[in-house]
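Colleague: turn this into a structure:
(one chain, ligands or ions: 1)
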Amino acid sequence: MSRFFSEKYAALTPYVPGEQPRDMQYLKLNTNESPYSPLPEVVEAAREEAARAHLYSDPTALALRQALAERYGVTPDMVIAVNGSDEALNFAFMAFCDREHPAIFADITYGFYPVFANVNNIPYEEIPLRDDFTLDPEDYVRRPGKTVFIANPNAPTGLLLPLADVERIAASDPSRVVVIDEAYIDFGGESAIRLIPEYPNLLVTRTFSKSRSLAGARLGFAVGQPALIADLETLRNSTNPYNVNRMTLAMGAASLAHDDVNMQNCMTVAGVRDQAAEELRALGFAVTDSKTNFLFARHPAVDGETLYKKLRERGILVRHFSLPRIAAYNRITVGTAEQMKTFTAAVREILEDPS
Ligand code: PMP
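Modeller: Numbering: from 1, shown residues only. Reported below is the predicted structural model:
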């Protein structure tokens, strides 16, 4: 830290993304990316826009917002385009939380939430999930006035909160905002977007990173009633009006034009996920009922960190979190069927000599 760094950030612990080591070629099952590359049409769209990169991107992202509005049955003023859904989440913390409206979220959830709270000097409360990692909606109903953040399905547990529970939380207190982070919804959940016309306090954040194979392009969006979106737009235009670059805007629109392929890929990933989960269970793992593109699993004979390290030695990266409640687990991104075969073969080998 330099002596110039503002005191207000001195105690900040930044978010730590999954490792991207360069020492060898790894099978990367640690950052929940899609195993499929973008369609050629999507790559071509970026190439064409690159020739116009001397011009700023559209600060209103209008074409993309129109396409998203059509895709989700809303109007363009109900959609904001962002530089990865992380940006929408940060804007939501900035816009809808303060000392009078602290944030609440689960103790086991996306690790960026406490970082967003801290960087914005927002008080927050972490609410323990039940022992089986399910979320009790009553915990949120019981805390009126607190801005709610729920990843649904949750990460890293993979568990889906039924839409009726999301609605119950949104309906319980119309005076506070409920943010539903649907980064993984396309892999088996029902989106809360359809509730938005009824709930002016509901904001849904989405990403192109997982289900649309564009993690490296950095594209996300949020959907809410026009007034909520206008608040986020105020923050976007007060920080970085050209937040989404023109190559990414074009890739997003081209990707939506072929969204049937994206959704088909999600179905394939979900099928591979369920099969891999069964194989892990047969090997003695406890595996949560994931509705995402990753598995969350622990084995009674190998601790989480050991398994992570032994897989790494074999060139396979998974994600291990040292948080005590989940230290026994690893989060494993679902790759192609072939990649999962490589993964389960390595696990089988490790279990033969787990010491
Ligand atoms: N929410 C959750 C639960 C996530 O796991 C991620 C991915 N790290 C994000 C949001 C952010 O994704 P992105 O910024 O790539 O859209």
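
Colleague: in the stretch 1-150 of the chain, what residue comes closest to the ligand?
Modeller: Nearest residue of the stretch 1-150 of the chain to the ligand, counting by Cβ to the nearest ligand atom: residue 84, 2.9 Å away. (Each C-beta comes from the backbone N, C-alpha and C, glycine too.)

Colleague: what's the end-to-end length of stretch 107-116?
Modeller: Taking Cα to Cα, to the nearest Å, the first and last residues of stretch 107-116 lie 15 Å apart.

Colleague: please shift the residue numbers so they start at 28 in all later answers.
Modeller: Sure, I'll start counting at 28 from here, so that last one is stretch 134-143.

Colleague: what's next to that stretch, contact-wise?
Modeller: 39-43, 113, 116-117, 120, 130, 132, 149, 151, 153-156, 160, 176-178, 181-184, 208, 210, 348, 350, 352-353 (Cβ atoms under 8 Å, 6 or more residues apart in numbering).

Colleague: so it, near the ligand or not?
Modeller: Yes. Stretch 134-143 comes into contact with the ligand (Cβ under 6 Å from any ligand atom), by way of residue 137.

Colleague: tell me which residues in that stretch are buried?
Modeller: 135, 136, 137, 139, 140, 141, 142, 143 (16 or more other Cβ atoms under 10 Å).

Colleague: same check, this time on stretch 195-209
Modeller: For stretch 195-209, using 16+ other Cβ under 10 Å, the buried residues are 196, 197, 199, 200, 203, 204, 205, 206, 207, 208, 209.

Colleague: I'd say the third one and residue 172 touch.
Modeller: No. Taking contacts as Cβ atoms under 8 Å, residue 199 lies outside contact range of residue 172: 11.0 Å.

Colleague: just the buried residues of stretch 134-143: which are in helices?
Modeller: 139, 140, 141, 142, 143 (DSSP state H).

Colleague: okay, those in a markdown table with pLDDT next?
Modeller: Below are those laid out as a markdown table (pLDDT from 0 to 100):
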| residue | pLDDT |
| --- | --- |
| 139 | 98 |
| 140 | 98 |
| 141 | 98 |
| 142 | 98 |
| 143 | 98 |
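
Colleague: among those residues, which one lies nearest to residue 359?
Modeller: Using Cβ to Cβ, residue 139 comes nearest to residue 359 of those, at 20.0 Å.

Colleague: look up phi and psi at the nearest residue to residue 355 once chain neighbours are set aside.
Modeller: Excluding the flanking residues, the one nearest residue 355 by Cβ to Cβ, 6 or more residues apart in numbering is residue 325, at 4.2 Å. Backbone torsions of residue 325, given as degrees, to the nearest 10, read phi -140, psi 160.

Colleague: quick one: pLDDT of the nearest residue to residue 312 once chain neighbours are set aside?
Modeller: Of all residues not flanking residue 312 in the chain, residue 324 sits nearest, at 4.5 Å (Cβ to Cβ, 6+ apart). Per-residue pLDDT puts residue 324 at 98.

Colleague: which residues touch residue 324?
Modeller: By Cβ under 8 Å, 6+ apart, the contact set of residue 324 is 304, 307, 312, 313, 314, 315, 356, 357, 359.

Colleague: again, but for residue 58
Modeller: With Cβ under 8 Å, 6+ apart, residue 58 has these contacts: 44, 45, 47, 242, 346, 360.

Colleague: gap between the last one and residue 344?
Modeller: From residue 360 across to residue 344, the span is 9 Å (Cβ to Cβ, to the nearest Å).

Colleague: overlap of the contact sets of those two?
Modeller: Jointly contacting residue 360 and residue 344 under the rule Cβ under 8 Å, 6+ apart are 55, 56, 57.

Colleague: mind putting those residues into JSON lines with secondary structure?
Modeller: Shown next, in JSON lines, are the shared contacts of residue 360 and residue 344 (DSSP: H, G, I helix; E, B strand; the rest coil):
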{"residue": "55", "secondary structure": "strand"}
{"residue": "56", "secondary structure": "coil"}
{"residue": "57", "secondary structure": "coil"}
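
Colleague: which elements pack onto the one helix or strand residue 116 maps to?
Modeller: According to DSSP states H and E, residue 116 maps onto helix 112-123. If you count contacts as 3 or more Cβ pairs under 8 Å, 6 or more residues apart in numbering; DSSP states H and E, helix 112-123 packs onto strand 106-109, helix 139-146, strand 174-178, strand 205-208, strand 229-234, strand 247-250, helix 253-266.

Colleague: report the angle between the last one and strand 229-234.
Modeller: In this structure, helix 253-266 runs at an angle of 50 degrees to strand 229-234, with axes from the mean of the first three to the mean of the last three Cα atoms, to 10 degrees as the basis.
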